[in-house]
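Asker: sharing a model prediction with you, sequence too.
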Number of protein chains: 2
Amino acid sequence: MKKLMLSPPTLFRLTVCYQVTMRAGEAGFENISSAYLADFLKVDETLIRKDMSLVGIKGKPKVGYPTKQIISILEEIIGISQHTDGILIGCGSLGSALLRYSGFAKYGLRIAAAFDIDHTKVGQRIGDYLVLPIEKGKSIIETFKVQVAIFAVPAGTAQELADWVVKRGIKAIWNFAPVQLKVPKGIIVRNENLAVGLAQLIHQVHTLAAKPKSKPKLETRKK
Amino acid sequence: MKKLMLSPPTLFRLTVCYQVTMRAGEAGFENISSAYLADFLKVDETLIRKDMSLVGIKGKPKVGYPTKQIISILEEIIGISQHTDGILIGCGSLGSALLRYSGFAKYGLRIAAAFDIDHTKVGQRIGDYLVLPIEKGKSIIETFKVQVAIFAVPAGTAQELADWVVKRGIKAIWNFAPVQLKVPKGIIVRNENLAVGLAQLIHQVHTLAAKPKSKPKLETRKK
DNA sequence: TTTTGTGAAAATCTTCACAGCG
DNA sequence: CGCTGTGAAGATTTTCACAAAA
């Protein structure tokens, strides 16, 4: 088993490549070129080749990279081929939407249980899950050796909850609350902060509107 | 009015700083230090100071940066102080959750209307919105001069829909469908791709589990 | 002749070191 | 001191240029 250290940009591109390749594979493509992948990511083709060579995906000149190889190697690299257990906390509208999202299973994430503090929500059925009271969290985390907690809670409760789950042995938090969480070293947090994403989008819209004339980097032509 | 070109990393940090500062402001803080902000982002303090100086936020030694100034300048820079009109397309569980999300207004984004193709959903009320048939989209985009379209549609329909809205004059797409969209030059797309986010999280969990011994960059001590 | 593979150069981003000010 | 401000150095990431293979 290889132990590669991939830089964050490379890891990001590879995960996108995986997704794009999956779709292309379903559409019947047997090979994919670096140019095709690069176009989705708006990066130079060379960069894709570097990424591929880094993880040991071998292409053939004039043909491209075999779809199957991209998929199998990236599944191994990303860690999709192993199962990961998670819980979801917060069954409001966003939490419910996430529970109904079938994509988790594709990435090896199995939701062991869904929780809420609100006792009026407890006992409800959402998608395939029964909402449990948060008090049951501790034993479930321990029983299932749950590594990942998904937070779909209000901003005000997220940090407190983070401290709580970390104390109970959670290794990673996928945070959808619009706050930047702080956790001890060694704990992984991925802040899927919609507010920050929105702010960046708004900024781009306004700067585009302000100066529609400019092509700062348009020398990416054939020659 | 200044016209600054901010690099993507800087813009990202500033949007996070804005959010963190808003919360700190509500909690009563009048000044914030670069160290405090840096801790949330896990970056060096110096970098925050560079970002601040870049956009003209002036701090005072021994005191920090005035909360109010951070907020007002960043609102201007990000573009929150102006209104932006948007529409949301796709009123499934994720779309519904987004419609109920009150945070859009905080960033100046006003949802003009919500759409769906599914005629059984049309006419339903979700949050403050009435779901309209997608056919009405064209006239609404033109009437309201809508610049932003939020996609909460299945993977299979997203690209086709993107072509459609672009043709009708949309300038930016905030895409929640798990596909990487391709659009003409000049159109802004922000792929809020949960599947990619999940893949990256899974990868981190597995690499952490594999080698819990390592501190590649721990020289960030005081001295 | 198209597309991969890769070392060297360029660009970008981050940290260091230290000056300055309250 | 404690914290901001900034030029220079360092690290990382991307692009260029071109060799090689089918």
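Answerer: Here it is on my side, so go on.
Asker: what ranges of chain A fall below the confidence cut-off?
Answerer: Judged against pLDDT under 70, the low-scoring parts of chain A cover residues A:1-3, A:211-223.
Asker: again, 80 this time
Answerer: A:1-4, A:208-223 (pLDDT under 80).
Asker: mind listing the helices for it?
Answerer: Secondary structure of chain A, counting by DSSP state H: helices at A:8-26, A:34-41, A:45-55, A:67-78, A:93-100, A:103-106, A:137-144, A:155-167, A:194-210.
Asker: so for residue A:124, which of those sits nearest?
Answerer: Among the helices of chain A, helix A:93-100 comes nearest to residue A:124, with 9.1 Å by C-beta to C-beta. Bear in mind the C-beta positions are built from the backbone N, C-alpha and C, glycine included.
Asker: return the distance of the longest strand anywhere in chain A from the chain's centre.
Answerer: Scanning chain A for the longest strand, with DSSP state E as the assignment, gives strand A:109-116. Strand A:109-116 sits 17 Å away from the centroid of its parent chain (C-alpha atoms, centre = their mean, to the nearest Å).
Asker: the nearest residue to residue A:20 once chain neighbours are set aside and residue B:181, how far apart?
Answerer: The shortest distance from residue A:20 to any non-neighbouring residue, by C-beta to C-beta, 6 or more residues apart in numbering or on different chains, is to residue A:40 (5.2 Å). Using C-beta to C-beta, to the nearest Å, residue A:40 is found at 9 Å from residue B:181.
Asker: before we move on, what about residue A:116?
Answerer: If you measure residue A:116 against residue B:181 using C-beta to C-beta, the figure is 34 Å.
Asker: and the two? Which one has more around it.
Answerer: Ranked by neighbour count (other C-beta atoms under 10 Å in any protein chain shown), residue A:116 and residue B:181 place residue A:116 first, with 23 against 20.
Asker: mind listing what the more buried one touches?
Answerer: When contacts are counted by C-beta atoms under 8 Å, 6 or more residues apart in numbering or on different chains, residue A:116 is found next to A:89-92, A:95, A:122, A:131-134.
Asker: can you redo those as CSV with distance to DNA strand D and neighbour count?
Answerer: Output for these, formatted as CSV (distance: C-beta to the nearest atom of the strand, whole Å; neighbours: other C-beta atoms under 10 Å in any protein chain shown):
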residue, distance to DNA strand D, neighbour count
A:89, 31, 24
A:90, 32, 26
A:91, 37, 24
A:92, 36, 16
A:95, 33, 25
A:122, 44, 18
A:131, 40, 23
A:132, 40, 18
A:133, 42, 14
A:134, 37, 18
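Asker: report the angle between the longest strand of chain A and helix A:93-100.
Answerer: For strand A:109-116 against helix A:93-100, the angle by axes from the mean of the first three to the mean of the last three C-alpha atoms, to 10 degrees is 150 degrees.
Asker: angle of strand A:109-116 against helix A:137-144?
Answerer: For strand A:109-116 against helix A:137-144, the angle by the same axes, to 10 degrees is 160 degrees.
Asker: name every strand pairing with strand A:109-116 and say which way it goes.
Answerer: Here strand A:109-116 has these sheet partners by DSSP bridges: strand A:84-89 (parallel), strand A:129-133 (parallel).
Asker: nearest to residue B:186, of those strands?
Answerer: strand A:84-89 (38.7 Å).
Asker: neighbouring contacts of that closest one?
Answerer: If you take C-beta under 8 Å, 6+ apart as the criterion, strand A:84-89 is touched by A:95, A:98-99, A:104, A:108-116, A:129, A:134, A:137, A:140-141, A:144-153, A:161, A:165, A:174, B:202, B:205-206.
Asker: buried among the residues you listed? Need that as a selection in ChimeraX.
Answerer: Under the burial definition 16 or more other C-beta atoms under 10 Å in any protein chain shown, those of the contacts of strand A:84-89 that qualify are selected in ChimeraX by:
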select /A:95,98,99,104,108,109,111,112,113,114,115,116,129,134,137,140,141,146,147,148,149,150,151,152,153,161,165,174 /B:202,205,206
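Asker: for DNA strand C, tell me which of the contacts of strand A:84-89 show up nearby.
Answerer: Subset of the contacts of strand A:84-89 in contact with DNA strand C: empty, counting by C-beta under 7 Å from any atom of the strand.
Asker: contacts only, for the residue nearest to residue A:20.
Answerer: Contact partners of residue A:40, counting by C-beta under 8 Å, 6+ apart, are A:16, A:20, B:180, B:182.
Asker: just name the closest of those to DNA strand C, please.
Answerer: In terms of C-beta to the nearest atom of the strand, no member of the contacts of residue A:40 lies closer to DNA strand C than residue A:20, at 13.3 Å.
Asker: tell me who's in contact with that closest one.
Answerer: Contacts for residue A:20 (C-beta under 8 Å, 6+ apart) come out as A:32, A:36-37, A:40, B:180.
Asker: before we move on, back to that, can I get the longest strand of chain A in PDB, CA atoms only?
Answerer: Provided in PDB are the C-alpha atoms of strand A:109-116 (Å, rounded to 0.1, in the frame of the first residue of the first chain):
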ATOM      1  CA  LEU A 109     -19.800   6.900   4.100                       C
ATOM      2  CA  ARG A 110     -22.400   5.100   6.100                       C
ATOM      3  CA  ILE A 111     -24.600   7.100   8.300                       C
ATOM      4  CA  ALA A 112     -25.100   5.100  11.500                       C
ATOM      5  CA  ALA A 113     -27.700   7.400  13.000                       C
ATOM      6  CA  ALA A 114     -29.300  10.900  12.900                       C
ATOM      7  CA  PHE A 115     -29.700  13.100  16.000                       C
ATOM      8  CA  ASP A 116     -31.500  16.200  17.200                       C
END
